[in-house]
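> starting from these lines, generate the structure:
(chains A and B)
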Amino acid sequence: MKLSARDRQRVRWCLTTLVGVAAVLYACINLLISPLRQVQIAEQNKLAFYNEQLDTARDGLRDLAADSNEVVKLQSELDVATNRFVVRPVLGSTLVSVQGIVEPIAAACGLQIESFAEHGRNEMPLSAKAAGVIIERYLMEVAVVGSYAAVRDFLQAVETTNAYVCVTEVEILGRGENPAKHRARICMEWPVFGVRKGKAAEPPPAHNRAASGARTEEP
Amino acid sequence: MTYHVNLLLDDERRSASPVNLGMALRMGVVVAVATLLLIIVMLFVKSRDVQIRAADAQSKWAHLEPQYKHLLALRASRDELRASCRQIEACQRSRLPMGEELAQLQLGVPADIQFTALRFNQFAGNQKAGAVATRSYEMHITGKISGGDPKESVDGLIKYLSSPAYTNRVEAVTVPNNGFRKEVVRVSAGETRTDWFFELVCRYRPRSFE
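Modelled structure (predicted):
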């Protein structure tokens, strides 16, 4: 059917209107809706991030007092332990320091010390390494002569004096010529400050060192 | 012959549909534009709302962040202190109180047994990477039995080392091969004496450093 001029004009107007509306829609989506949506998503992400941070922080800050108390308690425990029990070298010699502890105890227990020997240091075989205070095990050996009871008393006294000393080996051998006096070899591990990798060995600051009864000091 | 007489002019023709196409199109355009405007306004409002809330959260965070950083520093310091304390405690945790061991041993040795050598050895236990390190102890006793029933005396010592006083610490007490034997000792010309000797190995339970 052939359209009249008026119909053709109407169809043309309709098509033009549709194309115009589509163009306006496309422009609106691309120039207004899409950027607005992007801004909204970015702001939502930002809001979610800050809300999560705030929740984490608030949860954590609820325990702030407990954490502070724990730090104070741990610090005090560490100070007591390091000041009282960790052996500090005297003029660079840890053995001299250990001798200073061991000799009076041996004398009091009736043990005669024959010799001391150093066997180096070992790291603590722990899965998590400490970054601050490094404690190592200083290995030494002392050869003594005395009765079984004297060796027993000596070991008990040493272990009581230093709660962190570890006796690793004991060898008591009977002597034919004098059955009452045995020859004994005792290996011990003493806690000492270790060397931080890349830094010089530095013991932590000793708080109330004098009050806590430190035996030996760095010169 | 049939004639078709068209009495309507072209501009007088009307559609059978009750809805005017032009009107429908105008309405459609108006509705589309209105919907579009509504969507844009809603998006804008929502975006603005989110922006305001995000800015509010950011300002709250800016206020809280120093305290949180202080908390994190405190926790790092706490963890470091814990690690340091663990190191020292490891010395104590893994040790076998040797003085007490000697005292305890003395209490249960039968009177007719005399030790000729007593040896405590320590060796590293678990050496696998990632595993908790341990140290283990072994006690070697070498002794002589004078008088009485030698087997009974050694059994008595083994029983003592397996008694409740030791069960928490000792894993196993064994007599090694050829660890119980007798030797004939010449005392003087024509006179001999039979001495019984024994060896015992007492393995202690591994002690963990952690």
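> okay, how far is it across stretch B:152-168, tip to tip?
Stretch B:152-168 stretches 24 Å from its first residue to its last (C-alpha to C-alpha, to the nearest Å).
> how about it, does it reach chain A?
No. Stretch B:152-168 does not reach chain A (C-beta under 8 Å from any C-beta of the partner chain); its nearest approach is 15.4 Å. Heads up, the C-betas are built off the backbone N, CA and C, glycines and all.
> cool, stretch B:99-106 as well?
Yes. Shown here: stretch B:99-106 in contact with chain A (C-beta under 8 Å from any C-beta) through B:99, B:100, B:102, B:103, B:106.
> any idea how many residues pack against residue B:105?
Neighbourhood size, residue B:105 [other C-beta atoms under 10 Å in any protein chain shown]: 21.
> in what helix or strand does it lie?
helix B:98-108 (DSSP states H and E).
> give the other helices and strands that the top helix by length along chain B contacts.
What stands out as the longest helix in chain B, according to DSSP state H, is helix B:21-94. Packing contacts for helix B:21-94, counted by 3 or more C-beta pairs under 8 Å, 6 or more residues apart in numbering or on different chains; DSSP states H and E, involve helix A:5-28, helix A:34-62, helix A:64-85, strand A:135-146, strand A:166-173, strand A:182-193, strand B:207-208.
> immediately after the lowest-mean-pLDDT helix or strand in chain B, which helix or strand?
Within chain B, no helix or strand scores below strand B:180-188, which has a mean of 82 by mean pLDDT, DSSP states H and E. Next helix or strand after strand B:180-188 toward the C-terminus (DSSP H and E): strand B:191-204.
> that next one: which residues count as buried?
Within strand B:191-204, the residues that count as buried by 16 or more other C-beta atoms under 10 Å in any protein chain shown are B:196, B:197, B:198, B:199, B:200, B:201, B:202, B:204.
> give the contact list for the first one.
Taking C-beta atoms under 8 Å, 6 or more residues apart in numbering or on different chains as the contact definition, residue B:196 lies against B:144, B:145, B:150, B:180, B:181, B:182, B:183.
> for the fourth one, which non-adjacent residue is closest in space?
Spatial nearest neighbour of residue B:180, excluding adjacent residues (C-beta to C-beta, 6 or more residues apart in numbering or on different chains): residue B:198 at 4.9 Å.
> now that neighbour: how far from residue A:60?
Separation of residue B:198 from residue A:60 (C-beta to C-beta, to the nearest Å): 63 Å.
> list only buried entries from the contacts of residue B:196.
B:144, B:145, B:150, B:180.
> specify which member of those residues is nearest to residue A:180.
Nearest to residue A:180 among the buried ones among the contacts of residue B:196: residue B:144, at 15.8 Å, using C-beta to C-beta.
> spell out the secondary structure type for the closest one.
strand (DSSP: H, G, I helix; E, B strand; the rest coil).
> before we move on, what about residue B:110?
Residue B:110 ends up coil, using three-state DSSP.
> residue B:156 is in contact with that one, correct?
Yes. With contact defined as C-beta atoms under 8 Å, residue B:110 counts as touching residue B:156 (4.8 Å).
> follow-up on the earlier one: list the buried residues of the helix holding residue B:105.
Result for helix B:98-108 [16+ other C-beta under 10 Å]: buried residues B:98, B:99, B:101, B:102, B:104, B:105.
> could you list the domains of the chain?
Looking at chain A here, since you left the chain open. According to automatic domain parsing, chain A comprises the domains A:1-62, A:89-198.
> was after chain B, sorry
If you go by automatic domain parsing, chain B breaks into B:17-94, B:98-208.
> OK, contacts around the closest residue to residue A:108 other than its chain neighbours?
Spatial nearest neighbour of residue A:108, chain neighbours left out: residue A:157 (7.1 Å); criterion: C-beta to C-beta, 6+ apart. By C-beta under 8 Å, 6+ apart, the contact set of residue A:157 is A:105, A:108, A:109, B:99.
> filter the residues you listed down to the buried ones, ChimeraX style.
Buried residues within the contacts of residue A:157, by 16+ other C-beta under 10 Å, are selected in ChimeraX with:
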select /A:105,109 /B:99
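> let me have the buried residues of strand B:191-204 in CSV, extended by distance to residue A:26.
What follows is the buried residues of strand B:191-204, written out as CSV (distance: C-beta to C-beta, whole Å):
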residue, distance to residue A:26
B:196, 108
B:197, 105
B:198, 101
B:199, 97
B:200, 95
B:201, 91
B:202, 90
B:204, 83
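> in chain A, where is pLDDT below threshold?
A:1-3, A:127-132, A:196-219 (pLDDT under 70).
> switch the cut-off to 80
Confidence mapping of chain A against pLDDT under 80 gives the ranges A:1-7, A:10, A:124-134, A:175-180, A:195-219.
> neighbours around residue A:102, how many?
Around residue A:102 there are 25 residues (other C-beta under 10 Å).
> check residue A:192 too.
When counting by other C-beta under 10 Å, one arrives at 20 neighbours for residue A:192.
> quick check: bridge partners of it?
Per DSSP bridges, the residues bridged to residue A:192 are residue A:87, residue A:136.
> wait, it sits on residue A:139?
No. Between residue A:192 and residue A:139 there is no contact under C-beta under 8 Å: 10.0 Å.
> find residues that contact each of these two.
Each of residue A:121 lies in contact with both residue A:192 and residue A:139 under the rule C-beta under 8 Å, 6+ apart.
> residues in contact with residue 173?
Using chain A. A:182, A:183, A:184, B:116, B:117.
> ah, no, chain B please
Counted by C-beta under 8 Å, 6+ apart, residue B:173 has contacts B:158, B:161, B:162, B:200, B:201, B:202, B:203.
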